[in-house]
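Based on what follows, work out the 3D shape:
(one chain, ligands or ions: 2)
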Amino acid sequence: MSKTHNRHSLRFLTCCLLLLLPESSSAQHSAARNVLFLISDDLNTVLGCYGAPGIRTPNIDRLAKRSVLFRHAYCAFPLCGPSRNSLLTGLYPNSTGIHANSLIFRQTIPAQISLPQAFRQQGWLAGRIGKLYHYNVPNSIGTDGHDDPASWELELNPAGVDRTKEHPLITSLVPNQFGGMLSWHASQHADDLHTDALLASDADWVLERCAKQPERPFFLSVGFFRPHTPYVAPQSWFDMYPAENMPVVTGLEADLQDIPEAALQSQVKAQLSMTDQQKRLARQAYQGCISFTDAQVGKVLDALDKHGLTDSTVIVFTSDHGYHLGEHSLWQKRSLFEESARVPLLIAAPGCQQGQICSAPVSHVDLYPTLTELCGVAAPSGLQGQSLVPMLRDVTETGRNWALTQVQRGNAGTNSSGRQSQSDTRYFGYSLRTLRWRYTEWDGGSKGRELYDHDNDPQELTNLADQQQHSETVTELSALLKTAIAGTLPADGKIPEVQPGLWAPVLLDP
Ligand SMILES: [Ca+2]
Ligand SMILES: [Ca+2]
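Ligands and ions are numbered 1, 2, ... in the order given. Predicted coordinates for the structure are as follows:
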């Protein structure tokens, strides 16, 4: 065989190999193989790395030092179930059909390939520890919750003392209501006995095994339960935040004057009548739980380092949605204000920028195409987000330039058979966040509009939507919002409905 022939054969072989590679070429530029996906529950951006004063989050902050921190990251729907179904399918809630809790996209669009499932189908070990899809918190802790078994090869559901022993001790604004009501407890048990610490310890165990089979990449998800209510953490974490030092939101009466009624429908009666002391105790407990969760994040990061996997692993840290701590009279979630829609988002990817801040508005729906591209995994067609890889390489990239968040109002939720109510009284609120503005329409504007100028009003206190000098901005943003909403629907333009008989788990006890 001649040298020339050899060279031609080699070139032919190289071409064949290149053709066999997935469309994305980015995997060739970085060493990314694995994904460590860390998600907290009901965590807003009260974190040191987001500039929040008086909070101790040294571990998430050190992750930020090797990540791109997305300053303007938003969930698609600020409620656990809809948000997680959206994030994990790469589709907006209008395409998953999931606008309420206790449902899974297999009941609406069963053939959709979830994010971890895409990795799993292409040879990755896909593992889940704790809450990735919806769980009733705290009652589903220790179970699979409303999980999707097709997403994972491995599932671990530890339950700590917070679930197994301490329910009778929890203080709640309404006795025996924990998950949807502000409730808290400073535990006398050691850190290691709590659910989130057990999750971190399980992650160490799984990572140790992953390190022993380097030929097999992994997608490991760890879903922490805190700081979701009930705010339970060991006493020492509460002690970091003396209640008397906790801030209480003031000026509510003036603020509420220009807010449409629909925007305030997530108000909870028992939470509206809280005393200042109760507000301080709730905030103390919430912050204590953030710092406790931060310590568990630190244990998982340490485990990744210890097992020599950091350099080959993309690390994501986020939360399923943001959280109110009394702003606009609201607590918890389900509003379209900044505190509820905004999420922390850190991505540390080998070969990408480190310790940089990206200001472009981005969405949870962007995570699916980002992670598949980084790891060279083929993604299904029809994903609705953008890849964030350009921002991870150059944080001045602006991408789509907006993020869309949606909530449901009216006679919504699920009926006794677990089916979503789709009565005539259901309507949606949509909010578009650009770098400067937040623009919100309730029921297409018929139930109110809001416009907030983040350059001058980061707390969203003054609704400018009806002010003459902003009418052009409203017209422009309203048109952009319409286009954005159209992009949330499936090709046939119809929101998928829950199909009776498809798997609907109701799991409550360990
Ligand atoms: Ca949540
Ligand atoms: Ca106001």
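
ok, and the closest non-adjacent residue to residue 274?
Sequence neighbours aside, residue 173 is the residue nearest to residue 274 in space, at 6.9 Å (criterion: Cβ to Cβ, 6 or more residues apart in numbering). (Each C-beta comes from the backbone N, C-alpha and C, glycine too.)

how far away is the one you found from residue 157?
For residue 173, the distance to residue 157 equals 28 Å [Cβ to Cβ, to the nearest Å].

mean confidence score for stretch 252-267?
In this model, stretch 252-267 has an average pLDDT of 97.

my bad, stretch 476-496
When pLDDT is averaged over stretch 476-496, the result is 97.

Can I get that stretch as CSV, trimmed to CA atoms?
Only the C-alpha atoms of stretch 476-496 are listed here, as CSV (Å, rounded to 0.1, in the frame of the first residue of the first chain):
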residue,chain,number,x,y,z
GLU,A,476,-43.0,47.9,22.3
LEU,A,477,-42.9,45.6,25.2
SER,A,478,-46.5,44.4,24.7
ALA,A,479,-45.6,43.4,21.1
LEU,A,480,-42.5,41.6,22.3
LEU,A,481,-44.5,39.9,25.0
LYS,A,482,-47.0,38.6,22.4
THR,A,483,-44.2,37.2,20.3
ALA,A,484,-42.6,35.6,23.4
ILE,A,485,-45.9,34.0,24.5
ALA,A,486,-46.5,32.6,21.0
GLY,A,487,-43.2,30.9,21.3
THR,A,488,-44.2,29.0,24.4
LEU,A,489,-46.9,27.0,22.6
PRO,A,490,-46.5,23.7,20.8
ALA,A,491,-46.6,23.7,17.0
ASP,A,492,-50.4,23.2,17.0
GLY,A,493,-50.9,26.2,19.2
LYS,A,494,-52.8,24.2,21.9
ILE,A,495,-51.7,23.7,25.5
PRO,A,496,-51.6,19.9,26.0
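
Buried residues, that stretch. List them.
Applying a neighbour-count criterion of 16 or more other Cβ atoms under 10 Å, one finds 477, 478, 480, 481, 484, 485, 488, 489, 490, 495, 496 buried in stretch 476-496.

for stretch 239-248, same thing?
Within stretch 239-248, the residues that qualify as buried by neighbour count (16+ other Cβ under 10 Å) are 241, 246.

Start and end of that stretch, how far apart?
Using Cα to Cα, to the nearest Å, one end of stretch 239-248 lies 18 Å from the other.

Tell me which residues are up against it.
54, 56, 276-277, 279-281, 283-284, 287-288, 291, 326 (Cβ atoms under 8 Å, 6 or more residues apart in numbering).

ok so, going back, just name the closest of the buried residues of stretch 476-496 to residue 365, please.
Of all those, residue 488 has the smallest distance to residue 365: 8.9 Å, by Cβ to Cβ.

quick one: the closest one from ligand 2, how far?
As judged by Cβ to the ion, to the nearest Å, residue 488 and ligand 2 stand 27 Å apart.

Verify the contact between that residue and residue 92 for me.
Yes - with contact defined as Cβ atoms under 8 Å, residue 488 reaches residue 92; the gap is 3.6 Å.

I'd like to know which residues of the stretch 301-450 of the chain are adjacent to ligand 1.
Within the stretch 301-450 of the chain, the positions near ligand 1 by Cβ under 5 Å from the ion are residue 320.

can you tell me the residue of the chain closest to ligand 2?
Of all residues in the chain, residue 255 sits closest to ligand 2, with a separation of 4.0 Å (Cβ to the ion).

Can you tell me the SS state at that residue?
When classified by DSSP: H, G, I helix; E, B strand; the rest coil, residue 255 comes out as helix.

Where does the nearest residue to residue 184 once chain neighbours are set aside sit: helix, strand or coil?
Leaving aside its sequence neighbours, residue 184 sits nearest to residue 285 (Cβ to Cβ, 6+ apart; 3.5 Å). What three-state DSSP gives for residue 285 is helix.

how much space between residue 285 and residue 268?
For residue 285, the distance to residue 268 equals 17 Å [Cβ to Cβ].

Residue 472 - how many residues pack around it?
Counted with other Cβ atoms under 10 Å, residues neighbouring residue 472 total 9.

hang on, it is in a strand, isn't it?
No - going by three-state DSSP, the assignment for residue 472 is helix, not a strand.

rewinding a little: for the closest residue to the residue of the chain closest to ligand 2 other than its chain neighbours, give me its contacts.
In this structure, residue 255 finds its nearest non-sequential neighbour in residue 461, 5.3 Å apart by Cβ to Cβ, 6+ apart. Residue 461 sits next to 251, 254, 255 when contact means Cβ under 8 Å, 6+ apart.

Quote the end-to-end distance of stretch 465-475.
Using Cα to Cα, the two ends of stretch 465-475 sit 10 Å apart.

Quick check: buried residues in it?
Using 16+ other Cβ under 10 Å as the test for burial, stretch 465-475 gives 465, 470, 473, 474.

what's the spacing between residue 332 and residue 340?
Using Cβ to Cβ, residue 332 is found at 8 Å from residue 340.

what touches both of these two?
266, 323, 324.

Can you check what pLDDT the model gives the nearest residue to residue 52 once chain neighbours are set aside?
Distances taken as Cβ to Cβ, 6+ apart put residue 46 closest to residue 52, at 4.5 Å, once the chain neighbours are dropped. Model confidence at residue 46, given as pLDDT, is 98.

what's residue 46 in contact with, if anything?
Applying Cβ under 8 Å, 6+ apart, we find residue 46 in contact with 52, 55, 286, 287, 290, 325.

Just the buried residues from these, in PyMOL please.
Entered in PyMOL, the line below selects the buried ones among the contacts of residue 46, by 16+ other Cβ under 10 Å:
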select buried, resi 55+286+287+290+325
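
now the contacts of residue 46 as JSON lines including pLDDT?
Converted to JSON lines, those look like this (pLDDT from 0 to 100):
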{"residue": "52", "pLDDT": "98"}
{"residue": "55", "pLDDT": "98"}
{"residue": "286", "pLDDT": "98"}
{"residue": "287", "pLDDT": "98"}
{"residue": "290", "pLDDT": "98"}
{"residue": "325", "pLDDT": "98"}
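
Show me which of the contacts of residue 46 is closest to residue 166.
Among those, residue 286 lies closest to residue 166 (Cβ to Cβ), at 17.0 Å.

got the contact list for the closest one?
Here residue 286 is in contact with 46, 184, 227, 231, 323, 325 (criterion: Cβ under 8 Å, 6+ apart).

now, the most widely separated pair of these?
Largest separation among these by Cβ to Cβ: 46 and 184, giving 15.6 Å.

low-confidence ranges in the stretch 1-150 of the chain?
Of all residues in the stretch 1-150 of the chain, those with pLDDT under 70 make up the ranges 1-31.

And the strands in it?
Along the stretch 1-150 of the chain, counting by DSSP state E, counting those that start in this stretch, strands occupy 34-40, 68-70, 73-74, 125-130.

Now stretch 354-372: buried residues?
358, 360-372.

er, stretch 258-274 I mean
Using 16+ other Cβ under 10 Å as the test for burial, stretch 258-274 gives 258, 259, 260, 262, 263, 265, 266, 268, 271, 274.

nearest to ligand 1, of these?
For those, the nearest to ligand 1 is residue 266 (13.2 Å; Cβ to the ion).

From residue 336, how far out is that closest one?
Distance from residue 266 to residue 336, counting by Cβ to Cβ: 9 Å.
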